[in-house]
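**Q** got a predicted structure here, sequence first:
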Amino acid sequence: MQYSQDDNIEKSPGISEKKYKIIGILIVLFALIIRLFDLGDRVFHHDESIHASFTLKLLENGQYSYNPAYHGPFLFHSTALIFHILGINDTTARLIPVFFGVAAIAVLFLFKKELGKRGVLWSAFLLSFSPSMVYFSRFFRNDMIIVFCTLAIVAGGVRYVENLHSPKRFPYLILVASSLAIAVSSKENAYLVILMFGAYAGIYFSYRFYSDWKKEKLSLKKALLPKSSALLPFLPEILISGILFLFIVMFFYTSLFRNDVSPFSIVERAFSHWMEMHRIERIGGPFYYYIPILLVYESPIIFFGTVGLVHFLKNKNKNIPFFLFLSYWAIASLLLYSYLQEKVPWLVVHIVLPFGILAGAYLGEFYSLTPVKEKQISRKEDRSSEADEISISGRNSSRTRTLLAGILALTLIISLVQCISVNFYRSMEADELMTHTQASPDIRELMEKIEGFNRGPENIKLDVVDPYNLYWPLPWYLRDYEKAAYSRNTPTNTKYDAIIVPAAYKMYREIPKEEFSSYNFTLRPGKEFTLYYNKKLEK
């Protein structure tokens, strides 16, 4: 006689609603604290500095024009508001990613019915200190906005369908429409989200229709008619949500309706630019590019997410449609981002998200089960073979639980150590897989030296030279220096107070060594620069 593991386990007592809420609030607070702590300590990445400089231009001059190379307008406009209210510095520039990074954790609590209380708490816990999720929640880019919006679209869609015949559905429809609009207004991989989810919805509903059609044995016309008529009552609210979506998108792309931009030109420019980037492999990499990052930083999420994926597909439960979708989302994200030839570390968060939910769901289910006390079948010396099978099954179950608990403890410790290391100790180290072309901490020392000159930023004439215009993040840190200029070639007029050039330039051939001192620094890995400054500037 064969027994499954479930024959030797029973449900543990459920988590009370009060305890669930308290633990949930603590996890969200932990996620907020770890993302805010020392937020401005890391020097701006060159992408961050470009985004911040564009935001500053928008705030000061109201100038914005969509350029897909720098992504959508939402980040610039929302951060401009933060600058206006809280001031302009590295910390305030990163507050929008922090907010959306924490909000993504909070959205997980809308999945209580699908994941269970333990599943929600485990998912939130794993993603709260995921090294990549934390790192890029502290990074002035758009990806955490997309992470939040993707999760909000899924949560809103699931809850909308659940409340399809109740007035409760309307807030969820608004959540879906507004989240989709913010995603499209943030970054072009929002179209990948639409593609992935749209493909799944098309396959799913086509399969359901085909099954019903075959079962009812009707003609195609007669089968389509009731399905189409069932949608009619929902058309007005779908139309209104579509208008809301379009309003939000155009609100940001036209920069508060100040610019003349059409929705078609937005989509065309986004697709043409990123298809070209994929074609030329601007930042290419091997198909397995994200695998080392996932294994090094995200071991508990990847291991238990993969185990969960297999588990939920094999052991069909009442929520199989949701877990089927979640498994599709995880696999599709991994394959799609691995295929696209725009390989950068921040895109890994879009792979981590669905795997993190799968991992949390599996751990929530796994730890909702406890071994039953061994049945005292063998009171007599000669046991039956049936009792032997039960005993063996119980021992195997106990060993499996012990093994998984050990793996969980080990991977959680590794992930936590990696999170602390990459975010607070090695956030500017070139050999970290997460720190793609990160600017050097030398920038801080450079600015201290320049700020120590005996003339204020409004008076110093400073030239920054680089033949490839790759001098970022210097323009951000020199934003208060009104006479700072940037060029590809050294200026012909040598009447400057200071000049920053690549270290290979031998400036003492052009300027008198007795009048100018030099200071060498690293801009970012492989880019060495030298500051030449008039000795009269020294105090």
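**A** Right, received. Where do you want to start? Since we're looking at a predicted model, the values are computed, not measured.
**Q** could you confirm I499 falls within a strand?
**A** Yes: assignment of I499 by DSSP: H, G, I helix; E, B strand; the rest coil places it within a strand.
**Q** can I take it that S421 is in a strand?
**A** No: secondary structure of S421 (three-state DSSP): helix, not part of a strand.
**Q** for Y135, see how far away it is.
**A** 11 Å (Cβ to Cβ, to the nearest Å). The C-beta positions use only the backbone N, C-alpha and C, and glycine is treated the same way.
**Q** please apply the same query to I145.
**A** Taking Cβ to Cβ, one finds I145 at 15 Å from Y135.
**Q** more crowded one of the two?
**A** I145 (28 against 25; other Cβ atoms under 10 Å).
**Q** which SSE is that one in?
**A** For I145, the host element (DSSP states H and E) is helix 143-162.
**Q** any idea how far that helix is from the chain center?
**A** 13 Å (Cα atoms, centre = their mean, to the nearest Å).
**Q** and the contacts of that helix?
**A** 74-75, 96-97, 100-101, 103-104, 107-108, 110-111, 113-114, 133, 136-137, 169, 172-176, 179-180, 182-183, 186-187, 189-190, 193, 197, 322, 329, 346-347, 349-350, 353 (Cβ atoms under 8 Å, 6 or more residues apart in numbering).
**Q** give me the mean pLDDT for stretch 102-111.
**A** What stretch 102-111 shows for mean pLDDT is 98.
**Q** then stretch 268-283?
**A** Rounded mean pLDDT across stretch 268-283 is 84.
**Q** same question, stretch 439-457
**A** Here the average pLDDT along stretch 439-457 is 93.
**Q** who's in contact with that stretch?
**A** 43-46, 49, 428, 460, 462, 472-474, 477-478, 480-482, 497-498, 519, 521-525, 531, 533, 536-539.
**Q** recalculate using a threshold of 7 Å.
**A** Contact with stretch 439-457 is made by 43-46, 428, 460, 473, 477, 480-482, 519, 521-524, 531, 537, 539, as judged by Cβ atoms under 7 Å, 6 or more residues apart in numbering.
**Q** S338 contacts Y290, correct?
**A** Yes: using Cβ atoms under 7 Å, S338 is in contact with Y290, at 6.1 Å.
**Q** these two: who's more crowded?
**A** Taking other Cβ under 10 Å, S338 and Y290 do not tie; Y290 has more neighbours (25 against 17).
**Q** list the contacts for the more buried one?
**A** With Cβ under 7 Å, 6+ apart, Y290 has these contacts: Y337, S338, V348, I351.
**Q** in the residues you listed, find the pair that's most separated.
**A** S338 and V348 (10.5 Å; Cβ to Cβ).
**Q** ok, back up a step: mind putting the contacts of Y290 in TSV, secondary structure, pLDDT and distance to S272 included?
**A** Output for the contacts of Y290, formatted as TSV (DSSP: H, G, I helix; E, B strand; the rest coil; pLDDT from 0 to 100; distance: Cβ to Cβ, whole Å):
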residue	secondary structure	pLDDT	distance to S272
Y337	helix	95	20
S338	helix	96	23
V348	helix	97	26
I351	helix	98	26
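**Q** could you dump these into a markdown table and include distance to G308?
**A** Shown next, in a markdown table, are the contacts of Y290 (distance: Cβ to Cβ, whole Å):
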| residue | distance to G308 |
| --- | --- |
| Y337 | 20 |
| S338 | 20 |
| V348 | 19 |
| I351 | 15 |
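**Q** ok so, going back, and the contacts of stretch 439-457, which of them are buried?
**A** Neighbour-count burial (16 or more other Cβ atoms under 10 Å) is assigned, among these, to 43-46, 428, 460, 473, 477, 481, 519, 521-524, 531, 537.
**Q** check the secondary structure at S517 for me.
**A** For S517, the assignment made with three-state DSSP gives strand.
**Q** so what touches stretch 125-141?
**A** With contacts defined as Cβ under 7 Å, 6+ apart, stretch 125-141 is touched by 27, 30-31, 34-35, 39, 45, 47-48, 51-52, 93-94, 97-98, 101, 105, 143-144, 297-298, 300-301, 346, 348-349, 352, 356, 359-360, 415-416, 418-419, 422-423, 434.
**Q** run the last query once more with 6 Å
**A** 27, 30-31, 34-35, 39, 48, 51, 93-94, 97-98, 101, 105, 143-144, 297, 301, 346, 348-349, 352, 356, 359-360, 418-419, 422-423, 434 (Cβ atoms under 6 Å, 6 or more residues apart in numbering).
**Q** OK, contacts around Y532?
**A** With contacts defined as Cβ under 6 Å, 6+ apart, Y532 is in contact with I499, M507, F516, S518.
**Q** out of these, who's the most crowded?
**A** Result: I499 is most packed of those (other Cβ under 10 Å), 24 neighbours.
**Q** what's the separation between that residue and K461?
**A** Distance from I499 to K461, by Cβ to Cβ: 9 Å.
**Q** just the strands from the chain, written as ranges.
**A** For the chain, applying DSSP state E gives strands covering 9-11, 369-371, 462-465, 485-487, 498-502, 516-524, 527-534.
**Q** parallel or antiparallel, list what pairs with the last one.
**A** Strand 527-534 has the following strand partners under DSSP bridges: strand 498-502 (antiparallel), strand 516-524 (antiparallel).
**Q** mean confidence score for the longest one?
**A** Averaging pLDDT along strand 516-524 gives 95.
**Q** ok, now the shortest one?
**A** Strand 498-502 shows a mean pLDDT of 95.
**Q** export it as PDB, just CAs?
**A** C-alpha atoms of strand 498-502 as PDB (Å, rounded to 0.1, in the frame of the first residue of the first chain):
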ATOM      1  CA  ALA A 498      40.700  74.400 -13.900                       C
ATOM      2  CA  ILE A 499      40.300  71.700 -16.500                       C
ATOM      3  CA  ILE A 500      39.400  68.000 -16.200                       C
ATOM      4  CA  VAL A 501      40.700  65.800 -19.000                       C
ATOM      5  CA  PRO A 502      41.500  62.100 -19.600                       C
END
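**Q** what does that strand contact?
**A** Contacts for strand 498-502 (Cβ under 6 Å, 6+ apart): L462, D463, V464, V465, F529, L531, Y532, Y533.
**Q** compare these and tell me which has the most neighbours.
**A** The most crowded member of the contacts of strand 498-502, judged by other Cβ under 10 Å, is F529 (24 neighbours).
**Q** what's the pLDDT at that residue?
**A** On the pLDDT scale, F529 gets 96.
**Q** now the nearest residue to it once chain neighbours are set aside: how far from S440?
**A** Spatial nearest neighbour of F529, chain neighbours left out: L523 (5.1 Å); criterion: Cβ to Cβ, 6 or more residues apart in numbering. For L523, the distance to S440 (Cβ to Cβ) stands at 6 Å.
**Q** go on, A498?
**A** Going from A498 to S440 by Cβ to Cβ gives 19 Å.
**Q** show me which of the two is the more surrounded one.
**A** Neighbours per residue (other Cβ under 10 Å) separate A498 from S440, with A498 holding more: 23 against 20.
**Q** burial count for the closest residue to L416 other than its chain neighbours?
**A** Spatial nearest neighbour of L416, excluding adjacent residues (Cβ to Cβ, 6+ apart): F129 at 6.0 Å. F129 has 21 neighbouring residues, counting by other Cβ under 10 Å.
**Q** for F129, what are phi and psi?
**A** The phi/psi pair for F129 (degrees, to the nearest 10) reads phi -120, psi 20.
**Q** same question, N163
**A** Per-residue torsions, N163: phi -100, psi 30 (degrees, to the nearest 10).
**Q** what's the closest non-adjacent residue to S178?
**A** I248 (6.1 Å).
**Q** oh, that last question was meant for F325, not what I typed.
**A** Y200 (6.2 Å).
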